[in-house]
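> give the three-dimensional model of this entry:
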Amino acid sequence: MAPPSPARLYAATAGVALMATGIVGFFYSASFGAPGEVSEMLGAVEVNGWANVLYVAAGSAGLLAATAAPRGFALLAGLLFTAIGVWGLALGGGEAILDLLPTGAGASALALIVGLLGLASAASSASSEAGAEVAGDGL
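Numbering: from 1, shown residues only. This is a model prediction of the structure:
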C-alpha cells in the first residue's frame, strides 16, 4: 500500500481544520451583513457569517475530495485562498472583500497559509503521481 500523496494529506487536514474554524467561528459572529458584525475568533482571525460559511464549505469539499480528487482540491483551494489572502493584505484591516469577507492580519495570514500549502501539495503531488503512472505503464 502506497503512502498517501501530499495532496490527499492536504485535503484531509485542511478539510478538518477549515471545517473546525468555520464551526467555531459561528460562536464568535454569525452576522451575514455587508460585512455585518465582525469578531476576532480566538483573538486572531476576523470572522463573520460569510467567512464561516466559506470555511465550512471549503472544509467539507476537502473532506469529500480527499479520496476522489485530492490534487484538484489542493490546486483549487490553493488558488482561491491565496487570492483571498493577497486581496485581504491589499485592502488592509477593517475592510471587506466584496463587502462580505472581513480582512485583517489574522484572516489574511490564515488564507495565505491554507492557499500556499494547497499550491505546494498540488505541485508536489503532480510529480509523484506522474512518476507512479509511468511506473505503472511498464507492468
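> the one residue sitting closest to the centre of the chain sits in which helix or strand?
Residue closest to the average C-alpha location in the chain (C-alpha atoms, centre = their mean): V114, at 4.7 Å. According to DSSP states H and E, V114 maps onto helix 105-137.
> skipping adjacent residues, who's closest to G59 in space?
M19 (3.0 Å; C-beta to C-beta, 6 or more residues apart in numbering). C-betas here are computed from N, CA, C, even on glycine.
> how about the residue nearest to the centre of the chain, what does it touch?
Going by C-beta atoms under 8 Å, 6 or more residues apart in numbering, V114 touches 14, 17-18, 77-78, 81.
> what's the pLDDT at it?
Note on V114: pLDDT of 98.
> just give me the neighbour total for the residue nearest to G59.
For M19, the neighbour count with other C-beta atoms under 10 Å is 19.
> ok, residues contacting stretch 15-35?
36-42, 45, 47-66, 96, 99-102, 110, 114.
> just the buried ones among the residues you listed, please.
For those, a burial check counting by 16 or more other C-beta atoms under 10 Å picks out 36, 38-39, 41, 45, 47-56, 58-59, 61-63, 65-66, 96, 100-102, 110, 114.
> could you pull out the strands for this protein?
39-41, 45-47, 96-97, 101-102 (DSSP state E).
> how close does the residue nearest to G59 get to G93?
Distance from M19 to G93, counting by C-beta to C-beta, to the nearest Å: 25 Å.
> ok, M41 next?
Computed as C-beta to C-beta, the M41 to G93 distance reads 15 Å.
> A34 too?
Separation of A34 from G93 (C-beta to C-beta): 17 Å.
> for V53, same thing?
Relative to G93, V53 is positioned 21 Å away (C-beta to C-beta).
> and if you look at P6?
Taking C-beta to C-beta as the measure, P6 and G93 are separated by 32 Å.
> ok, those two, which is more surrounded?
Legend: neighbour count by other C-beta under 10 Å for P6 and G93, higher for P6 (22 against 14).
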